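Novice: I'd like to go over a predicted model; first the sequence, then the structure.
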Amino acid sequence: MNRVGTKLRCSYVLRHKSHLISRNVSDVHHRGQPTVTQLLRTKAGVHLTKAILGCTGVLLSASVANTVMAAENEETPAAPAPVGDSPVVVEAAATVIAEEKPDTSSSVPIEEKQEAPAPSLPEEKQETPAPTEEVPAPTGEAPTPTADAQDTSASAPAPAEAESAPVVEEVVKDDVVKKADLLYDEMKYEDIYNLLHPHAEEKNDEILWRLGRATYEKAKAAPADSQKVLYKEALGYVEAALSLNDNNFAVHKWMSILIDYVYGYEGNKARISQSYNVKHHMEKACELNPTDGTSRYLLGYWYYTIAEIPWYQRKIASLIFATPPSGTYQDALDQCLHAEKLEPNFYSKNLLMIGKCYEKLGNREEAIVYIRKVKEYLIKTADDRESVDEATQLLKKFGVV
């Protein structure tokens with residue numbers, strides 16, 4: 001008989017013979033916890049032992065056999081049968097089986113000494129269930145917040161204050177920019193410089209290009225030996241603005257102006273070498289803000305300057321570029337007329353440029369019309385003064401009062 005069959009048979013006997021066994025145990029059990037020997041001296045012990053021997057075919061030792069035989073000759077008064085199986089009987093049977101060793105001389109061999117491996121459990125039963133209670137984090141480490149904790153922290157006032165800080169900072173910067181623009185209309189360039197310079201290290205392209213513009217205006221009014229340094233300083237501010245925002249049309253506009261001024265101090269060759277770079281920024285400014293008249297004027301001025309280059313400078317340009325920059329008076333006139341259409345009478349130098357282009361193209365009549373406008377222009381800036389003076393000289397040249 002194999003081990004599995006033995007276990008099944010023992011289970012059957014213990015379960016279905018318990019009503020015979022338990023009657024004779026209650027009197028012993030009533031007097032206290034019985035020992036194995038006491039159980040064996042009862043008829044219950046006899047029935048149990050025989051049942052086990054019948055299941056397993058194991059021979060008992062002599063001491064156990066004598067105890068069983070003595071118990072058979074004794075008479076134990078019957079007791080009322082308890083309901084259900086007696087746990088003491090089951091425990092005693094297990095003890096007997098554990099204490100008794102099988103006799104190797106038995107004719108019934110014990111076939112397998114090693115039990116078969118237990119079947120694998122399903123994957124979902126092998127997983128350790130998550131604890132229902134949270135384990136506190138070790139000292140010094142913040143516990144991972146749950147969803148509720150995150151919601152609570154989100155509603156706390158501290159983060160709200162932190163979020164409001166950048167908003168307040170932006171409002172302050174906007175106020176600085178607005179004040180700088182008002183000062184520019186009043187042509188108080190030194191005040192603009194003093195207002196914006198403390199913010200020079202801040203990463204704000206709107207502040208930086210305005211600081212560059214104010215520095216440029218300072219340079220124009222400064223002594224000749226200081227202008228070069230100030231123009232370079234101004235270019236540095238605008239280059240910083242460009243690194244922050246490549247899509248700001250005003251940054252590109254002032255890049256074109258300041259590159260031309262800075263490299264103009266280095267000589268004609270240096271200035272010509274930057275001609276394409278200057279044009280690129282002018283065209284980018286026009287692209288980003290098609291309604292800005294100043295950007296169109298600058299592009300017209302670039303074409304006029306290229307058209308004015310004498311033959312020896314063109315030779316220099318041919319040495320620097322495979323294809324030297326080219327431009328005509330007509331190109332310049334088209335851009336300046338476009339600027340005037342966008343913003344009529346917005347800049348005295350644009351009116352003057354239109355008159356000069358007409359004159360170069362042989363249309364003196366139209367040239368005089370625009371040059372007269374310049375002479376009558378209300379002077380507000382140094383540029384206006386220069387334009388009016390030049391217009392007056394041109395009219396004299398044309399013989400017009």
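Specialist: It's in.
Novice: helices along the stretch 101-250 of the chain, start to end?
Specialist: Assigned by DSSP state H, counting those that start in this stretch, the stretch 101-250 of the chain shows helices spanning 123-126, 147-154, 157-185, 189-196, 205-221, 224-244, 249-264.
Novice: any idea which of those gets closest to residue 354?
Specialist: Closest to residue 354 of those is helix 249-264 (C-beta to C-beta; 19.6 Å). Where you see a C-beta, it was placed from the backbone N, CA and C, and this is true even at glycine.
Novice: ok and that closest one relative to helix 205-221, angle-wise?
Specialist: 30 degrees (axes from the mean of the first three to the mean of the last three C-alpha atoms, to 10 degrees).
Novice: report the angle between helix 249-264 and helix 224-244.
Specialist: Using the same axes, to 10 degrees: helix 249-264 against helix 224-244 is 140 degrees.
Novice: for this protein, which spans come out with low pLDDT?
Specialist: 1-169 (pLDDT under 70).
Novice: could you list the domains of it?
Specialist: Per automatic domain parsing, the domain ranges recorded for the chain read 3-99, 171-346, 347-401.
Novice: okay if I get those as a markdown table plus mean neighbour count?
Specialist: Formatted as a markdown table, the domains of the chain follow (neighbours: other C-beta atoms under 10 Å):
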| stretch | mean neighbour count |
| --- | --- |
| domain 3-99 | 16 |
| domain 171-346 | 18 |
| domain 347-401 | 17 |
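Novice: would you confirm that residue 189 contacts residue 212?
Specialist: No. Applying C-beta atoms under 8 Å, one finds residue 189 not in contact with residue 212, separated by 11.8 Å.
Novice: residue 204 and residue 244 touch, don't they?
Specialist: Yes. Applying C-beta under 8 Å as the test, residue 204 and residue 244 come out as touching, 7.4 Å apart.
Novice: secondary structure class for residue 380?
Specialist: coil (DSSP: H, G, I helix; E, B strand; the rest coil).
Novice: and the nearest residue to it once chain neighbours are set aside, how far from residue 381?
Specialist: Distances taken as C-beta to C-beta, 6 or more residues apart in numbering place residue 187 nearest to residue 380, at 7.3 Å, with adjacent residues excluded. Residue 187 sits 6 Å away from residue 381, going by C-beta to C-beta, to the nearest Å.
Novice: likewise residue 206?
Specialist: Taking C-beta to C-beta, one finds residue 206 at 22 Å from residue 381.
Novice: and for residue 189?
Specialist: On the measure of C-beta to C-beta, residue 189 and residue 381 end up 10 Å apart.
Novice: where do the helices sit along the stretch 251-400 of the chain?
Specialist: 268-273, 275-288, 293-308, 311-320, 329-342, 348-360, 364-375, 382-397.
Novice: export the third one to PDB, keeping only CA atoms.
Specialist: I take that to be helix 293-308. Provided in PDB are the C-alpha atoms of helix 293-308 (Å, rounded to 0.1, in the frame of the first residue of the first chain):
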ATOM      1  CA  GLY A 293       8.000 101.000 -40.200                       C
ATOM      2  CA  THR A 294      11.400 101.400 -38.600                       C
ATOM      3  CA  SER A 295      12.500  97.900 -39.700                       C
ATOM      4  CA  ARG A 296      11.500  98.600 -43.300                       C
ATOM      5  CA  TYR A 297      13.400 101.900 -43.200                       C
ATOM      6  CA  LEU A 298      16.600 100.100 -41.900                       C
ATOM      7  CA  LEU A 299      16.300  97.600 -44.800                       C
ATOM      8  CA  GLY A 300      15.900 100.400 -47.200                       C
ATOM      9  CA  TYR A 301      18.900 102.100 -45.700                       C
ATOM     10  CA  TRP A 302      21.000  98.900 -46.100                       C
ATOM     11  CA  TYR A 303      20.100  98.800 -49.800                       C
ATOM     12  CA  TYR A 304      21.000 102.400 -50.300                       C
ATOM     13  CA  THR A 305      24.400 101.900 -48.500                       C
ATOM     14  CA  ILE A 306      25.200  99.000 -50.700                       C
ATOM     15  CA  ALA A 307      24.300 100.900 -53.800                       C
ATOM     16  CA  GLU A 308      26.600 103.800 -52.700                       C
END
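Novice: what sits up against that helix?
Specialist: Here helix 293-308 makes contact (C-beta atoms under 8 Å, 6 or more residues apart in numbering) with 249, 252-253, 256-257, 275, 278-279, 282-283, 285-286, 289, 325-329, 331-336, 338-340, 342-343, 346-347, 349-350, 353, 356-357, 360.
Novice: hmm, residue 366 is touching residue 358, no?
Specialist: Yes. Applying C-beta under 8 Å, one finds residue 366 in contact with residue 358, separated by 4.3 Å.
Novice: hang on, the earlier thing: indicate which one of the helices of the stretch 251-400 of the chain is closest to residue 227.
Specialist: Comparing the helices of the stretch 251-400 of the chain by C-beta to C-beta, helix 382-397 comes nearest, at 13.3 Å.
Novice: quick one, the closest one and helix 348-360 angle?
Specialist: Going by the same axes, to 10 degrees, helix 382-397 makes 30 degrees with helix 348-360.
Novice: for helix 382-397, name the packing helices and strands.
Specialist: helix 348-360, helix 364-375 (3 or more C-beta pairs under 8 Å, 6 or more residues apart in numbering; DSSP states H and E).
Novice: relative to helix 329-342, how tilted is the last one?
Specialist: What that stands for is helix 364-375. Going by the same axes, to 10 degrees, helix 364-375 makes 50 degrees with helix 329-342.
Novice: which residues touch helix 364-375?
Specialist: Contact with helix 364-375 is made by 345, 348, 351-352, 354-356, 358-359, 387-388, 390-392, 394-395, 398, 400, as judged by C-beta under 8 Å, 6+ apart.
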